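In: based on what follows, work out the 3D shape:
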Amino acid sequence: MIDLSEILLDDVQPAVLDFGGTLKPALGGAWQRIMRIGTRWAFTMQTPKLDAEPDLRVWSSRLAQAKLETGLVWIPEPDLVFGPEGAPRVAQAVNGGTSLPLSGLTPGLVIPEGKWLSIIHDGRRYVYRVARDMAATAGGAVTLPIYPLLRTRLAPGDVVELARPKVQGEIDGDFSWSVPVGRSAPLSFTIAEEE
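Out: Coordinates of the predicted model:
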């Protein structure tokens with residue numbers, strides 16, 4: 001895995017990769033939404049203009065390597081004032097659903113709706129969003145409503161990244177870049193969760 005978590009970002013466009021669907025009866029009945037495990041995230045990202053030497057050289061090299069392996073990129077949340085988070089962990093075994101029991105939080109910490117988080121389970125990160133504002137108890141616990149559906153079983157003690165969530169995945173599509181005559185250029189790429 002290639003660590004890209006320190007790359008400077010100028011623009012981030014999240015997208016839902018929806019593996020569910022809506023059943024639409026041919027004869028006008030009610031539509032039915034089918035939620036399937038596997039819905040996940042992709043992020044199209046762009047850096048500011050990078051100087052050809054050394055930034056563009058180094059980051060284009062790392063992104064090309066991440067295309068051949070996997071990459072790890074932080075998910076920026078501009079203007080969100082958050083923390084300190086404590087040491088959030090999954091509080092108990094979870095087999096699925098949209099509820100995430102956490103412990104180890106700073107007592108009273110408010111986790112706002114739409115906040116990104118990543119969960120590390122068996123060395124792989126999974127990205128989710130918080131579905132409503134929630135506050136940790138005096139004991140530092142909370143059960144967060146999240147979306148989409150959990151895609152893997154979670155174990156007690158799995159690390160949860162709230163303050164600086166990261167997406168782990170594949171650099172999607174062909175990765176190419178400009179060799180700037182004017183000595184600076186931005187890099188653009190899409191990283192998608194693989195599972």
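In: contact partners for the closest residue to residue 32 other than its chain neighbours?
Out: Leaving aside its sequence neighbours, residue 32 sits nearest to residue 23 (CB to CB, 6 or more residues apart in numbering; 4.5 Å). From N, CA and C alone the C-beta is placed, and that goes for glycine too. When contacts are counted by CB atoms under 8 Å, 6 or more residues apart in numbering, residue 23 touches 31-32, 34.
In: can you give me the helices in this structure?
Out: 57-68 (DSSP state H).
In: what's near enough to touch the residue nearest to residue 124 when sequence neighbours are not counted?
Out: Nearest residue to residue 124, sequence neighbours excluded (CB to CB, 6+ apart): residue 168, at 6.3 Å. By CB under 8 Å, 6+ apart, the contact set of residue 168 is 1, 70-72, 118, 124-125, 193-194.
In: tally of neighbours for residue 26?
Out: Using other CB atoms under 10 Å as the criterion, residue 26 is surrounded by 5 other residues.
In: before we move on, what about the one 10 residues further on?
Out: The number of residues packed near residue 36 is 11, by other CB under 10 Å.
In: and it, its phi and psi?
Out: Dihedral angles of residue 36 (phi, psi; degrees, to the nearest 10) stand at phi -120, psi 140.
In: that one and residue 20 touch, don't they?
Out: Yes. Taking CB atoms under 8 Å as the definition, residue 36 is a contact partner of residue 20 at 4.5 Å.
In: distance of the residue lying farthest from the centre of the chain relative to residue 33?
Out: Relative to the centre of the chain, the most outlying C-alpha is that of residue 27, 39.4 Å out, by CA atoms, centre = their mean. Note on residue 27: its distance to residue 33, by CB to CB, to the nearest Å, is 18 Å.
In: now do the contacts for residue 49.
Out: Here residue 49 is in contact with 184-186 (criterion: CB under 8 Å, 6+ apart).
In: again, only using 10 Å
Out: 10, 55-56, 180, 182-187 (CB atoms under 10 Å, 6 or more residues apart in numbering).
In: circling back to that earlier point, common neighbours of residue 36 and residue 20, please.
Out: 148-149.
In: related to what we said a few turns ago, among the contacts of residue 168, which ones are buried?
Out: For those, a burial check counting by 16 or more other CB atoms under 10 Å picks out 70-72, 118, 124-125, 193.
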